[in-house]
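Enquirer: next comes the sequence, and after it the predicted model I'd like to discuss.
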Amino acid sequence: MQIGSWTLPNNVLVAPMAGVTDRPFRQLCKRLGAGYAVSEMAASNPRLWDSVKTSRRLNHDGEIAPVSVQIAGADPAMMAEAAVFNAQRGARIIDINMGCPVKKVCNVASGSALLRHEDLVARILDAVVRACQPLGVPVTLKTRTGWDRENRNALRIARLAEDTGIAALTLHGRTRADLYTGHAEYDTIRAVKAAIRIPVVANGDIDSPEKARHVLDYTGADAVMIGRAAQGRPWIFREIDHYLRTGARLAPPTYGEMRDLLLEHLDDHYRFYGEHTGVRTARKHIGWYVEGLPGAEDFRAAMNRLDDTAAQARAVGAWFDHFPRDGRPGQAGHAQTLLAA
């Protein structure tokens, strides 16, 4: 897949998720087969650029190219300024957020709230594309099918994006009102792909290699973007990529590999966030990794009481050591007893 001058190694992409797709997680996903990853949403308001949260989101040290940064806001000039600011700090692709459905974003007319104001959408797209063109930085757009089911305007937004010079469009197959409930509208993604010439990325409910194949075939999309299904399963990208290329399923990771990947992730996570924030923000990732495994509920309860990174990492390693290193979840004969950390 092509975004501007960038040729991606495959068409299995990581969705931007606030509080999830930080640099350590993006790096791990890329190493495990993702062809591309978009950063967490960065504020367009210059007053927030010096905050700790924004500074972390702008930290791309050592990240596998191309670095893509998602920006959010409702003021065209401010969005253009934010795009240039991020490009000067390492972003090689700028992604515009018009898909976030959460209230605190929509209440300030950002994210998917913009879908109610197509004239403002056009002005934002034009301002950001014009600002990035002299820098050679392509601009992409992530959006939804509309504000609600009575007001779907994905086709009009897609044509606006193409006419403005947007390099690729990611479409989450839900309206803002749907949030993350119900089923993704692949018919809408299919209609958008048929109507425009720029690359279209399908997003929503893609949680297996077979589902990825179905969505690509049905919609005609150029790529799939994986979000929630990657939480605690960063290896899903290699599984999907392998299946798309060969038609065969990869074996799931062994307990030993899961242990090693999680500990590697935690080490990078701690170094990125520091002791105090690192131990707390790692809890959700650990919970996602162990979800569904024997004894996970008791382990999570015990692990969440730990308040230093070294103890947390030791607990993770010790818990996984109860399982046969070469065994796999769901495999006959693997440990079934509840395990304590």
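Expert: Nice, thanks for sending it over.
Enquirer: any idea how far V215 is from Y186?
Expert: 6 Å (Cβ to Cβ, to the nearest Å). Heads up, the C-betas are built off the backbone N, CA and C, glycines and all.
Enquirer: next: N203.
Expert: According to Cβ to Cβ, N203 and V215 sit 9 Å apart.
Enquirer: need the overlap of contacts for the two.
Expert: V224 (Cβ atoms under 8 Å, 6 or more residues apart in numbering).
Enquirer: quick one: which of these two has more around it?
Expert: Remark: of N203 and V215, N203 carries more neighbours, 25 against 22, as counted by other Cβ atoms under 10 Å.
Enquirer: in the sheet, who's paired with that one?
Expert: Taking DSSP bridges, one finds H172, M225 as the beta-bridge partners of N203.
Enquirer: wait, isn't it in contact with G227?
Expert: Yes. Contact criterion Cβ atoms under 8 Å: N203 and G227 qualify, at 6.7 Å.
Enquirer: quickly list what's touching both of the two.
Expert: A15.
Enquirer: any low-confidence regions in the stretch 1-150 of the chain?
Expert: Residue ranges of the stretch 1-150 of the chain with pLDDT under 70: 46-55, 57, 99-112.
Enquirer: can you get me a residue count around the nearest residue to G146 once chain neighbours are set aside?
Expert: The shortest distance from G146 to any non-neighbouring residue, by Cβ to Cβ, 6 or more residues apart in numbering, is to R152 (3.6 Å). R152 has 18 neighbours, counted by other Cβ under 10 Å.
Enquirer: is it true that R152 touches T145?
Expert: Yes. Between R152 and T145 a contact is recorded at 5.0 Å, counting by Cβ under 8 Å.
Enquirer: common neighbours of the two, please.
Expert: Taking Cβ under 8 Å, 6+ apart as the contact rule, R152 and T145 both touch 175, 188.
Enquirer: that older thread, and the residue nearest to G146, how far is that from V67?
Expert: Taking Cβ to Cβ, one finds R152 at 32 Å from V67.
Enquirer: ok, P329 next?
Expert: Applying Cβ to Cβ to P329 and V67 gives a distance of 33 Å.
Enquirer: ok, W288 next?
Expert: 24 Å.
Enquirer: what does I236 give?
Expert: When I236 is compared with V67 (using Cβ to Cβ), they lie 22 Å apart.
Enquirer: now do Q2
Expert: Per Cβ to Cβ, Q2 is found 17 Å from V67.
Enquirer: likewise for A87?
Expert: Between A87 and V67 the distance is 10 Å, computed by Cβ to Cβ.
Enquirer: give me the spatial nearest neighbour of A37, chain neighbours excluded.
Expert: Take A37 and drop its neighbours on the chain: the residue closest to it by Cβ to Cβ, 6+ apart is V14, 3.6 Å away.
Enquirer: now do the same contact list for the one you found.
Expert: Here V14 is in contact with 21, 26, 29-30, 34, 36-38, 225-227, 230, 237 (criterion: Cβ under 8 Å, 6+ apart).
Enquirer: list buried residues within these.
Expert: Buried members of the contacts of V14, counted by 16 or more other Cβ atoms under 10 Å: 21, 26, 29-30, 34, 36-38, 225-227, 230, 237.
Enquirer: mind putting these in CSV, distance to T140 and secondary structure included?
Expert: Listed next are the buried ones among the contacts of V14 as CSV, based on distance: Cβ to Cβ, whole Å; DSSP: H, G, I helix; E, B strand; the rest coil:
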residue, distance to T140, secondary structure
T21, 15, coil
R26, 16, helix
C29, 18, helix
K30, 17, helix
A34, 16, coil
Y36, 10, strand
A37, 13, strand
V38, 8, strand
M225, 11, strand
I226, 16, strand
G227, 16, coil
A230, 19, helix
F237, 19, helix
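Enquirer: how many residues are close by L306?
Expert: Residues near L306, counting by other Cβ under 10 Å, number 18.
Enquirer: host element of it?
Expert: Counting by DSSP states H and E, there is no helix or strand that carries L306.
Enquirer: so who does the residue nearest to G146 touch?
Expert: Listed by Cβ under 8 Å, 6+ apart, the contact set of R152 reads 145-146, 175, 188.
Enquirer: for R197, same thing?
Expert: So R197 contacts E162 (Cβ under 8 Å, 6+ apart).
Enquirer: can you confirm it is in a strand?
Expert: No. With DSSP: H, G, I helix; E, B strand; the rest coil as the criterion, R197 is assigned coil and is not in a strand.
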